[in-house]
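**Student:** Provide a 3D model corresponding to the input given below.
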Amino acid sequence: MKLIRNTVVIVTALFLTAGTAAADASRFSPPDSKRGAVKACKRFRNTIRRINLSDEQKTTVADLLSSYLDSIEPYSEELSEARKNLYKDMYLPEGDFDEQLIRVDFQATVGPKEEITVLQAGLLSDLHDVLNPVQYMRLVKARVHLYNCTHAPIAISRRVLGGWIDQNGS
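**Tutor:** Next up, the predicted model:
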């Protein structure tokens, strides 16, 4: 059981950092209900468990992930600060809209996000070399489930807002 938990923790760390794995984009379709989101999250967990890393692979993957997390740390901090500035300027108490300020703030998020994405692509390439083809495809499949799990709140909020608009719009 500890072995399964450790595998889930290692692979989850990869997915929660940034970006997406190469997969059929049409499968990235978050559910628009809480129940659907829970199912997507369970499918992610179950798919990760079926990767079945050997002890040697676990050590290699852990080393790769540790190096990756160290590499993205400064970019993650920069991205976090840039997003805070963006949202601070979007939600000004006065309600003033400064398009140029929003564009500048948004552009500040692009550089660190790009660096994180490039580093993740390198990590995925390294993982491709460590995992066998079946394990790698399970990793890709799990990424689709995680995307659907984590993006479900967006789809749900769109549905709720759409309902409100339908009830209150002209």
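**Student:** per-domain residue ranges of the chain.
**Tutor:** 29-53+132-170, 56-130 (automatic domain parsing).
**Student:** mean pLDDT for the ones you listed: which is lowest?
**Tutor:** When the domains of the chain are ranked by mean pLDDT, domain 29-53+132-170 comes last with a mean of 78.
**Student:** surely residue 149 touches residue 45?
**Tutor:** No: counting by CB atoms under 8 Å, no contact exists between residue 149 and residue 45, whose distance comes to 9.1 Å. (Each C-beta comes from the backbone N, C-alpha and C, glycine too.)
**Student:** in TSV: the domains of the chain, plus mean neighbour count.
**Tutor:** Formatted as TSV, the domains of the chain follow (neighbours: other CB atoms under 10 Å):
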stretch	mean neighbour count
domain 29-53+132-170	15
domain 56-130	14
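**Student:** mind jotting down where the helices sit in this structure?
**Tutor:** Secondary structure of the chain (DSSP state H): helices at 2-15, 34-49, 55-90, 99-130, 133-168.
**Student:** quick one: mean pLDDT for the first one?
**Tutor:** What that stands for is helix 2-15. 49.
**Student:** how close does the residue lying closest to residue 75 once chain neighbours are set aside sit to residue 57?
**Tutor:** Closest residue to residue 75 apart from its sequence neighbours, by CB to CB, 6 or more residues apart in numbering: residue 112 at 4.1 Å. Separation of residue 112 from residue 57 (CB to CB, to the nearest Å) stands at 30 Å.
**Student:** correct me, but the residue nearest to residue 75 touches residue 73?
**Tutor:** No: in terms of CB under 8 Å, residue 112 does not count as a neighbour of residue 73; the distance is 10.8 Å.
**Student:** contacts only, for residue 85.
**Tutor:** 105, 108 (CB atoms under 8 Å, 6 or more residues apart in numbering).
**Student:** I meant residue 89, not that one.
**Tutor:** Contacts of residue 89 by CB under 8 Å, 6+ apart are 98, 101, 102, 105.
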